[in-house]
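Asks: My questions concern the predicted model and sequence given below.
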Amino acid sequence: MKRLPFIAGNWKMNKTVGEALELVRELKASVQGIEDVEAAIAPPFTALYPVSQELKGSSLHLASQNLFWEEKGAFTGEISPMMLKEIDCHYAIIGHSERRQYFGETDETVNRRIKAAFNHGLKVIFCIGEMLQEREGGLTFSVIERQLDGGLKGVEENTIEEIVIAYEPVWAIGTGKTATPEQAEEVHQFIRQKLGRLYSKRTSEGIRIQYGGSVTPENIKGLMAQTNIDGALVGGASLNAESFSRIVRFKEM
Ligand code: PEP
């Protein structure tokens, strides 16, 4: 099945509103006219609204870096799916390893966030991936399986089509150590097979699986040549218009 390649930039805790607007203006110009690759950016919460205004009429999609599962109420410091939907957010990144590592995110809270996003019409970039010691201990597949089972618990076949899985080996994030295309493909294939057991084969064939972990303009082409790699979630290299647009334009290399 043909899947539209999808490149998303996770800006993490970077860029003031002014800086975000400057970057997004450059990006809009440099990815204009690309129709055979979907692209999205995930600025920090403070920049989401101004960036959404700047993106009107552009094919670049907006993503949040997280969300909370309740609609409103006494949840100091949280942002609800409704609030994100209101400002034209298309996607929410959920379960990023930095949230799991530093902010107590678990498979169960990831699951609640995913369901809340779907209930409000947001699409999801669901991040999974093993730590270095888990890979070295031969636990990669069991960790991935646990994260998929936990994160997708109760998520129905008719909504799962709105998901994008981001396989991000934690040891490759921000370290400059990319997984080789073969290492990544092995896990992507495992993820697709697992999705085929949780849902129908047809559904699993349609779900896009991004790779994340030190993706650059230099290594994107090799990664994208793999059968089950459908895009990338990009951290560091998404903070600069030139490098991010070169990644989005990987087909032209
Ligand atoms: C990420 O944070 O999702 C990521 C992949 O970061 P980097 O590209 O910097 O490794």
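Replies: Arrived safely, thanks for sending.
Asks: got the residues of the stretch 151-253 of the chain near the ligand?
Replies: Glu168, Ile173, Gly174, Gly212, Gly213, Ser214, Val215, Leu233, Val234, Gly235, Gly236, Ala237 (CB under 6 Å from any ligand atom). Yep, even glycine has a C-beta here, placed from its N, CA and C like the rest.
Asks: Just the buried ones from the residues you listed, in ChimeraX syntax?
Replies: With 16 or more other CB atoms under 10 Å as the criterion, this ChimeraX line picks the buried residues out of these:
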select :168,173,212,213,214,215,233,234,235,236,237
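Asks: State the pLDDT value of Ala47.
Replies: We note a pLDDT of 98 for Ala47 in this prediction.
Asks: Leaving out chain neighbours, which residue sits closest to it?
Replies: Closest residue in space to Ala47, ignoring its immediate chain neighbours: Ala20 at 3.7 Å, by CB to CB, 6 or more residues apart in numbering.
Asks: Ramachandran angles for the residue of the stretch 101-250 of the chain found nearest the ligand?
Replies: Distances between the stretch 101-250 of the chain and the ligand by CB to the nearest ligand atom are smallest at Gly235, namely 2.1 Å. When quoted as degrees, to the nearest 10, the phi and psi of Gly235 stand at phi -90, psi -100.
Asks: doesn't Met13 make contact with it?
Replies: No - assessed by CB atoms under 8 Å, Gly235 is found out of contact with Met13, at 11.1 Å.
Asks: that older thread, which other residues reach the helix or strand hosting the residue nearest to Ala47?
Replies: Element membership of Ala20, judged by DSSP states H and E, is helix 17-31. Helix 17-31 is contacted from outside by 11, 15, 39, 41, 43-44, 46-47, 50-51, 54-55, 58-60, 239-242, 244-245, 248-249, using CB atoms under 8 Å, 6 or more residues apart in numbering.
Asks: Next, the buried residues of it.
Replies: The neighbour-count check on helix 17-31 (16+ other CB under 10 Å) flags Ala20, Leu21, Leu23, Val24, Leu27, Lys28, Val31 as buried.
Asks: Distance of Ala29 relative to Arg3?
Replies: 27 Å (CB to CB, to the nearest Å).
Asks: same thing with Ala179?
Replies: Distance, Ala179 to Arg3, by CB to CB: 20 Å.
Asks: Between those two, which has more neighbouring residues?
Replies: Under the criterion of other CB atoms under 10 Å, the comparison of Ala179 against Arg3 puts Ala179 first, with 24 against 15.
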